[in-house]
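Asker: Quick one, what's the 3D model for this:
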Amino acid sequence: MEQKANNQSNDLDALKRDRIHTKDELKRMEFRAEELERERNMALEEADNLRKMHTEKLNELITDSNDKTNKLERALKEAHERIKLSETRAKDIIKMQEVIGDKWKKEHMLTVQ
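Answerer: Numbering: from 1, shown residues only. The predicted model follows:
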């Protein structure tokens, strides 16, 4: 009987040690879970900040690109207008030269006859 009581005492001690070990392991796991949650939240916050930063930079680049495109389109339109004006002037000059050439021909014909 004494041996049985001794065995039960040993079993009880082993169970107590197991319980303490399990509690300690649970505390470590809870601490690690909290630590991982903090790391996760920090990573999410950093990712969100990076997303915002890159979105702002992208919007700036889009705005700059649109401004440059508009400027180039205006310059191209002005160049087309200058070319049209030059073509119109050139046509007018050619017409005047033809008129002058016809006049000279008539005058020459009159002087030859």
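Asker: This structure: helices as residue ranges?
Answerer: Along the chain, counting by DSSP state H, helices occupy 2-112.
Asker: Pass me the low-pLDDT residue ranges in it, would you?
Answerer: Where the chain drops to pLDDT under 70, the residues are 4.
Asker: Recalculate using a threshold of 90.
Answerer: Applying pLDDT under 90 to the chain picks out residues 1-15, 105-113.
Asker: dump the residue contacts of the residue nearest to the spatial centre of the chain.
Answerer: For the chain, the residue nearest the mean C-alpha position is L58 (3.4 Å; CA atoms, centre = their mean). L58 makes no contacts at all, as judged by CB atoms under 8 Å, 6 or more residues apart in numbering. Every residue, glycine included, has its C-beta placed from N, CA and C.
Asker: State the distance from it to R51.
Answerer: When distance is defined by CB to CB, to the nearest Å, L58 is 10 Å away from R51.
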